[in-house]
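**Student:** I would like to see how this sequence folds:
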Amino acid sequence: MVKRTSRGFTLIEMLIVIVVIAILALIVIPRLLGAGRKAKEAALKGDLQQLRNAIQQFEADCGDYPANTGQLMTRPTGNGGNNIALDSVGWQGPYLRTPDGNLPKDPFTGSSTTWSYTATSGDIHSGSTLTALDTTPYSAW
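**Tutor:** Numbering: from 1, shown residues only. You can find the predicted model right below:
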C-alpha cells in the first residue's frame, strides 16, 4: 500500500473558509456603507447650523434677513428679504468663512448653490431630494 502525504487544503476546507468570509462580509459591508451616510448627515447638520447662525447674525446687524445668501459673504446694498432697507453700516460680515469664499457645499448635492432659502423668514434647508436614515427628507431639516 502506498501512503500519500497531504499537501494543501481539501475542497471542503476551502468551501468552509469562503462561506465564513462571505458571512463576515454580509455583516461588515452594510455598516461601512451606513457610516459614510451618517458622516454626510452630520456634516449637513453642522452646515445648516452655521448658515442659520449667520442668517440670524445678519438680521441682528442689518435689520432684515438677507435677500439672498450671497449677502452673508459680501456687504449688502438695497433691501433685505422683507423689502426693508438694510443697514449696511451695521454689517459686520462676512458671516461665513470658507476657503473658496462661497457658501458651504451641501454634502448631498455637492454644490453651494442648491440651498433652499426663504428670504422673508430667513429659513434655509438642504436642496437635496434624498431621505435621511431616520426617514425624514433632508429638505425638511
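
**Student:** For the rest of this, base every contact and every neighbour count on C-alpha atoms.
**Tutor:** OK.

**Student:** In stretch 105-117, which residues are buried?
**Tutor:** Along stretch 105-117, the positions that meet the burial threshold by neighbour count (16 or more other C-alpha atoms under 10 Å) are 105-108, 115, 117.

**Student:** Among those residues, find me the one that's closest to residue 134.
**Tutor:** Top of the list for closeness to residue 134, among the buried residues of stretch 105-117 and by C-alpha to C-alpha, is residue 108 at 15.5 Å.

**Student:** residue contacts, the nearest residue to that closest one once chain neighbours are set aside?
**Tutor:** Excluding the flanking residues, the one nearest residue 108 by C-alpha to C-alpha, 6 or more residues apart in numbering is residue 128, at 6.2 Å. Contact partners of residue 128, counting by C-alpha atoms under 8 Å, 6 or more residues apart in numbering, are 108-109, 114, 138-139.

**Student:** what about residue 60, distance to residue 121?
**Tutor:** Distance from residue 60 to residue 121, counting by C-alpha to C-alpha, to the nearest Å: 13 Å.

**Student:** Just the strands from this structure, written as ranges.
**Tutor:** Counting by DSSP state E, the segments of the chain that form strands are 116-118, 123-125.

**Student:** on contacts alone, who are the packing partners of the lowest-mean-pLDDT helix or strand in the chain?
**Tutor:** The element with the least model confidence among the helices and strands of the chain, by mean pLDDT, DSSP states H and E, is helix 11-62, at a mean of 90. Helices and strands touching helix 11-62, as assessed by 3 or more C-alpha pairs under 8 Å, 6 or more residues apart in numbering; DSSP states H and E, comprise strand 123-125.

**Student:** Show the secondary-structure elements that the strand it packs on is packed against.
**Tutor:** Contact here means 3+ C-alpha pairs under 8 Å, 6+ apart; on that basis strand 123-125 packs against helix 11-62, strand 116-118.

**Student:** Need the contact partners of the last one.
**Tutor:** Contacts made with strand 116-118 from outside it, assessed by C-alpha under 8 Å, 6+ apart, are listed as 68-69, 123-127, 139.
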